[in-house]
Structure formats: structure tokens, C-alpha cells
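Participant: Compute the structure for the input listed below.
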Amino acid sequence: MLVYRILLLMVAICLFVFSREKLNFTAIFQLSLNGWFIWLVWLTLVFHMLYRLIPNKRISIGARKHYACSYRAAIPNGSGPENIQISPEQLHKGALLCALGWFIISAAVVIALYFFNMLTPATIITIALTYAAFDVVFILFLCPLRLFFMRNRCCVVCRIYNWDYFMICAPLIVYPHFFSLSLFLLSAAVLLRWEIALRKNPHFFLKEYNVNLSCESCEDKLCRYNYKSGRAL
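Facilitator: Numbers count the residues shown, from 1 in each chain. Below is the predicted model of the structure:
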């Protein structure tokens, strides 16, 4: 995944430098075969987002913990989920700060590009692909959102794991078009599905109540270190 996203970003940068018009997603229906890269990006993002909307053991437990099939109860004293008392601070810790940080950075980038007369579909799609590449880098290596805001153990228990595609696709709506709007709406559906599940079944998201999120039960291949041995990122 990391190699593929980096390759997409590298192609986008090359096109941005040498053939910028091929990154103009507002003209994809006129580009014909010259628009192959735009369609490749669209198909890639659509496929991956649809994959997130279907319970699938091939994706990280962190991205599918909101599904009932990924929940294994670890409820203290045998009480049922309806009796679990979860504080908003416990559930939403750091999430608002992450949202604000992402919004401020994205808005600042768009405003700066506009100020310097560089705001074009080509720059916006390159930014989106940069976000996509860094998304995997953060998961595999070091996530500044986790380090500075979320303060959680790892991506498996991350409150905002399925926010990623919305963060990637949202900047595209600066230029409303079938390409950008379809990706934005699908990413919003992934986000909405996640948030609805969070409010209906908050215990799915906490390691104290979901055995599958504990280090002892974790089989997530995205973990860089072995938490079973007590090492932490």
C-alpha cells in the first residue's frame, strides 16, 4: 500500500512539473486516454473506500472495529453493554484537536495557494495524493496525530482511524466536479458510518471492553513493534 501510494504521488508530481493539464480532473471527460491517471486515482480511492464499508478481515482491525463481527466482549463483572458507562472524554479524547489541526493546515494551504495564484485542480489533486501517502507513513512508522493529540497506544485503538479518506478527499471539493464530489461523498459515507457506529456501540472502540483490541489478541500486521513483549511506539 505504501509503495503504491508513493508511486501515485511521484507520477502526480512528474505530471505536475511536465504536463500539468493531465491533472485537471475537471476536464476528465474531455481528456480521453490522456486522463488515464485521473481515472486510476479515482478508481483506487473508490475501491478502497468501498472496501472500508464492507466488514472484511483483510483490513486492519483498527478500521473495522466498529462492526459487530469485530467485537469480542471483555465486560467487567458480567454487565451488559447497556450498563457500560463511558465518559465523552474517554471516547473523544484528542479527536477534536485532530479535526481542528487538519482543518487549519488544509485551509492554510488552500489560502496560500490562492494568494500566490497557484490554486488549480492540479495542485489540489497533488495535495490529496500527498495526504494519501502520508496517511500510510503515519500508520506504519510514526503518527504525529497520535503522538501530540490522541495519545493512544497504536492505530488499532485509534478513535479517528476511518477519518483518513475524508481528510484525503475533502480538499478536492475546492473544485466541484463529478471526480471531486463523488470521492467526497463516498468518503463522507465512510466517516458517517464510523461515527454512527461509535455513538451506537462505543464499547466496540475501547480495549477495556473489546478483547480484539488488546495487545494479547492483536494480529494486526500494521504494528511495527511487538506489543506483546511490552514495547511501545
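Participant: which phi and psi does the nearest residue to residue 23 once chain neighbours are set aside have?
Facilitator: Of all residues not flanking residue 23 in the chain, residue 122 sits nearest, at 3.8 Å (Cβ to Cβ, 6 or more residues apart in numbering). Using the backbone N, CA and C atoms, a C-beta is placed for each residue, glycine as well. Main-chain dihedrals, residue 122, degrees, to the nearest 10: phi -60, psi -40.
Participant: same deal with residue 73?
Facilitator: Taking degrees, to the nearest 10 as the convention, residue 73 sits at phi -60, psi 140.
Participant: cool, residue 210 as well?
Facilitator: phi -120, psi 110.
Participant: and if you look at the one 4 residues further on?
Facilitator: Backbone torsions of residue 214, given as degrees, to the nearest 10, read phi -80, psi 150.
Participant: if I look at the residue nearest to it when sequence neighbours are not counted, how far off is residue 201?
Facilitator: Nearest residue to residue 214, sequence neighbours excluded (Cβ to Cβ, 6+ apart): residue 207, at 5.3 Å. Residue 207 is 14 Å from residue 201, where distance means Cβ to Cβ, to the nearest Å.
Participant: Tell me which residue lies nearest the centroid of the chain.
Facilitator: residue 164 (1.4 Å; Cα atoms, centre = their mean).
Participant: where's that residue, which helix or strand?
Facilitator: According to DSSP states H and E, residue 164 maps onto helix 164-169.
Participant: Just the mean pLDDT for that helix, thanks.
Facilitator: Average pLDDT, helix 164-169: 97.
Participant: And for it, what's in contact with it?
Facilitator: For helix 164-169, the surrounding residues in contact (Cβ atoms under 8 Å, 6 or more residues apart in numbering) are 45, 48-49, 52, 102, 106, 128, 131-132, 135, 180, 183-184, 186-188, 190-191.
Participant: tell me the average confidence for the strand or helix carrying residue 43?
Facilitator: Taking DSSP H and E as the definition, residue 43 sits inside helix 36-52. Across helix 36-52, pLDDT averages out at 95.
Participant: cool, and stretch 123-139?
Facilitator: Here the average pLDDT along stretch 123-139 is 95.
Participant: Report the distance from it to the chain centre.
Facilitator: 10 Å (Cα atoms, centre = their mean, to the nearest Å).
Participant: Also stretch 196-209?
Facilitator: Remark: stretch 196-209 is offset 18 Å from the chain centroid, using Cα atoms, centre = their mean.
Participant: Could you give the number of residues near residue 151?
Facilitator: 10 (other Cβ atoms under 10 Å).
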